[in-house]
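> next comes the sequence, and after it the predicted model I'd like to discuss.
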Amino acid sequence: MRRTKIIATLGPATDQPGMLEKLIADGVDVFRLNYSHQTHAEHEKRMKEIRKLSLKRRHAVAVIADLQGPKIRIERFKNKSVNLKEGDIFKIDTQLDSDAGDETQVGVSYKNLPKDVKPDNVLLVDDGRIVFHVKSVGKYIIECEVITGGILSDNKGINLQGGGLSASALTEKDIADLKHATEIKVDYVAISFPRDAEDIRHARKMMEECKCQARIIAKIERAEALNHIEEIIEESDVIMIARGDLGVEIGDAALPPVQKSLIKMARDMDRAVITATQMMESMIENKIPTRAEVFDVANAVIDGTDAVMLSGETSIGRYPDKAVGAMSRICEEAEKQRSVRVSDHRINQRFENIAEAIAMSSMYSANHIGAKAICTLTETGGTCLWMSRISSGIPIFAFTRHTSTRRRVALYRGVYPVKFDITHTDPLEANKEMIDILLDFGVVKDGDFVIITKGDLRGRRGGTNNMKIIQVGQALEHTL
């Protein structure tokens with residue numbers, strides 16, 4: 001059973017007849033709606049199809065609404081693109097007509113850019129493929145020298161090397177998109193380009209006003225976000241290491257250690273973490289990944305990421321299903337390494353509440369008695385999240401009556417959602433019913449040990465206070 005979850009971005013390629021169902025069958029756990037592209041109507045149509053197929057296949061699948069955020073882009077050229085040469089003088093003009101760009105100048109979507117830029121700054125365009133050195137800054141015009149030239153086409157992104165752009169993390173478009181995401185009942189909302197914890201708090205306030213019940217994913221893609229990373233993680237439910245813009249701003253060489261540090265920090269702070277961007281980029285066109293991509297995915301898994309994400313590989317790629325299949329195989333192989341099954345998580349720390357103590361005790365016991373599975377009766381998925389922070393090869397089954405919880409925990413590493421309503425089940429029979437389900441799944445057999453956690457008060461949030469060790473096929477229950 002693959003523990004690391006796979007996120008697939010939807011787009012024209014996944015709209016092919018039968019492709020969505022194939023991706024779910026191939027093991028996609030979470031789908032991403034990219035609100036930087038396509039219309040609300042297209043997102044809504046895809047969401048309806050996901051929910052229908054998820055019900056048909058009895059497989060809980062989460063959905064992320066990824067808001068565009070203040071992506072700063074150049075505007076358009078008269079002839080769609082220009083060829084810039086090193087040493088050329090090129091101007092970014094905030095007052096230029098949006099379609100009037102040429103070999104000497106272009107407009108920009110972010111009109112406050114001159115206020116954020118100073119002479120001798122470096123601007124990186126199109127993920128760093130084009131590099132500008134800022135010579136002078138006027139009220140409306142930034143004059144640059146081309147340091148690295150090449151073909152520059154419409155609507156490419158701009159980053160300031162080292163970070164420092166002041167654009168708010170939520171734009172007017174994001175607010176409109178958030179309202180739509182709330183209407184179609186997404187499970188997670190990804191906030192793009194947060195600078196600090198205040199941006200996340202503001203996003204949460206906006207979500208509360210929209211009555212959005214989704215959890216927040218903070219996309220770490222600004223250099224300045226790293227200066228406030230603990231506070232950002234604390235305010236978020238999940239972080240996404242968005243390596244495209246982040247790599248441009250801090251430099252490619254700095255990215256690998258930062259990624260490893262962020263994964264560890266998120267797990268230590270009991271948050272889920274997603275590793276994203278260009279993981280298997282070559283598979284947009286090719287049927288197999290490069291060896292470098294294989295290592296990239298495997299290293300993220302070994303480091304402890306909850307999920308790995310496909311972007312263009314599934315949204316516009318020629319082989320979406322093959323990309324998912326290849327990623328799944330790599331994850332499964334990486335998970336066989338002993339290092340991903342051993343943990344010292346919070347071993348010297350005090351637990352904050354009873355439910356967390358039960359979760360940690362269960363994982364410790366499971367790892368030391370060789371339990372084949374852990375069953376947790378859960379309302380919110382909180383106990384499952386704590387358990388999933390422990391590196392282990394033991395599957396965690398989240399038994400819950402709430403559809404929203406089943407979808408939410410689909411993102412957590414090593415957690416598998418199961419529909420189960422404890423409020424309609426005799427408490428004395430619940431253990432037997434859960435074991436019977438695991439037997440049906442083929443996860444356990446007679447003689448195996450299973451750990452069960454639940455609360456004395458059925459249907460109560462945060463009420464987990466009970467742990468049982470059960471040997472399958474035996475009448476005796478050992479209670480701790």
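Looks like it came in fine.
> please work out which residues outside stretch 258-274 touch it.
7, 217, 220, 226, 229-230, 233-234, 236-241, 243, 246, 250, 275, 300, 303-309, 345-346, 385-386, 388-389, 411-413 (Cβ atoms under 8 Å, 6 or more residues apart in numbering). C-beta coordinates here come from the backbone N, C-alpha and C atoms, glycine included.
> buried ones among these?
By neighbour count, with 16 or more other Cβ atoms under 10 Å, the contacts of stretch 258-274 hold 7, 217, 220, 226, 229, 233, 236-241, 243, 246, 250, 275, 300, 303-309, 345-346, 385-386, 388-389, 411-413 as buried.
> so which of those belong to helices?
I229, I233, R243, L246, I250, A300, D303, L385, W386, S388 (DSSP state H).
> quick check, nearest of those to V444?
Closest to V444 out of these is S388 (19.4 Å), distances taken as Cβ to Cβ.
> what's the nearest residue to the closest one if we skip its chain neighbours?
Once flanking residues are discounted, S388 sits nearest to Y412: 4.5 Å by Cβ to Cβ, 6 or more residues apart in numbering.
> list the contacts for that neighbour?
In this structure, Y412 makes contact with K5, A272, D306, G381, C384, L385, S388, I396, judged by Cβ under 8 Å, 6+ apart.
> try 10 Å
For Y412, the contact set (Cβ atoms under 10 Å, 6 or more residues apart in numbering) comprises 3, 5, 29, 62, 238, 272, 306-307, 381, 384-389, 396, 398.
> just K179 next, same as before
By Cβ under 10 Å, 6+ apart, the neighbours of K179 are H40, M206, E209, C210, K211, C212.
> can I get the longest helix along the chain in PDB, CA atoms only?
Across the chain, the longest stretch assigned as helix under DSSP H is helix 40-57. Output of helix 40-57 as PDB, limited to C-alpha atoms (Å, rounded to 0.1, in the frame of the first residue of the first chain):
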ATOM      1  CA  HIS A  40     -15.300  28.700 -13.100                       C
ATOM      2  CA  ALA A  41     -17.600  26.700 -15.200                       C
ATOM      3  CA  GLU A  42     -14.800  24.300 -16.300                       C
ATOM      4  CA  HIS A  43     -13.700  23.900 -12.600                       C
ATOM      5  CA  GLU A  44     -17.200  23.100 -11.600                       C
ATOM      6  CA  LYS A  45     -17.700  20.600 -14.300                       C
ATOM      7  CA  ARG A  46     -14.500  18.800 -13.300                       C
ATOM      8  CA  MET A  47     -15.500  18.800  -9.600                       C
ATOM      9  CA  LYS A  48     -18.800  17.200 -10.400                       C
ATOM     10  CA  GLU A  49     -17.100  14.500 -12.300                       C
ATOM     11  CA  ILE A  50     -14.600  13.800  -9.500                       C
ATOM     12  CA  ARG A  51     -17.400  13.500  -6.900                       C
ATOM     13  CA  LYS A  52     -19.400  11.200  -9.200                       C
ATOM     14  CA  LEU A  53     -16.400   8.900  -9.900                       C
ATOM     15  CA  SER A  54     -15.200   9.000  -6.300                       C
ATOM     16  CA  LEU A  55     -18.600   7.700  -5.200                       C
ATOM     17  CA  LYS A  56     -18.700   5.100  -8.000                       C
ATOM     18  CA  ARG A  57     -15.300   3.700  -7.000                       C
END
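> helices or strands up against it?
When contacts are defined as 3 or more Cβ pairs under 10 Å, 6 or more residues apart in numbering; DSSP states H and E, helix 40-57 sits against helix 19-26, strand 30-34, strand 62-66, helix 172-183, helix 403-409.
> how about residues contacting that helix?
Applying Cβ under 10 Å, 6+ apart, the contact partners of helix 40-57 are 10-12, 14-15, 20-25, 28, 31, 33-35, 37-39, 59-63, 65, 176-177, 179-181, 183-186, 403, 406-407, 410.
> what angle sits between that helix and strand 62-66?
170 degrees (axes from the mean of the first three to the mean of the last three Cα atoms, to 10 degrees).
> mind listing what's buried in helix 40-57?
Those would be H40, H43, R46, M47, E49, I50, R51, L53, S54, for helix 40-57 by 16+ other Cβ under 10 Å.
> show me the contacts for G149.
Each residue near G149 by Cβ under 10 Å, 6+ apart is listed here: V82, N83, L84, K85, E86, G87, D88, F90, R129, I130, V131, F132.
> the same query, at a cut-off of 7 Å, please.
Counting by Cβ atoms under 7 Å, 6 or more residues apart in numbering, G149 touches L84, K85, E86, D88, I130.
> and the closest residue to the first one other than its chain neighbours, how far is that from R76?
What it means is L84. Using Cβ to Cβ, 6+ apart and skipping residues adjacent in sequence, the residue nearest L84 is G149, 4.3 Å away. Between G149 and R76 the distance is 19 Å, computed by Cβ to Cβ, to the nearest Å.
> where does the protein have low pLDDT?
Applying pLDDT under 70 to the chain flags the ranges 339-352, 456-462, 475-480.
> distance check, the spatially most central residue of it against T305.
Centroid check for the chain by Cα atoms, centre = their mean gives I274 as the closest residue, at 3.9 Å. Here the criterion is Cβ to Cβ. By it, I274 lies 7 Å from T305.
> again, but for L113
On the measure of Cβ to Cβ, L113 and T305 end up 34 Å apart.
> and for the closest residue to G69 other than its chain neighbours, the neighbour number?
Among residues not flanking G69 along the chain, S192 sits closest, at 2.7 Å (Cβ to Cβ, 6+ apart). The number of residues packed near S192 is 26, by other Cβ atoms under 10 Å.
> isn't S192 up against I64?
No. Using Cβ atoms under 7 Å, S192 makes no contact with I64, being 11.7 Å away.
> so what sits against both of those two?
Counting by Cβ under 7 Å, 6+ apart, S192 and I64 have no contacts in common.
> domain parsing of the protein, as residue ranges.
Listed domain ranges for the chain are 5-69+168-337, 81-160, 354-479 (source: automatic domain parsing).
> for the ones in helices among the buried ones among the contacts of stretch 258-274, which one is nearest V137?
Of all those, I250 has the smallest distance to V137: 23.0 Å, by Cβ to Cβ.
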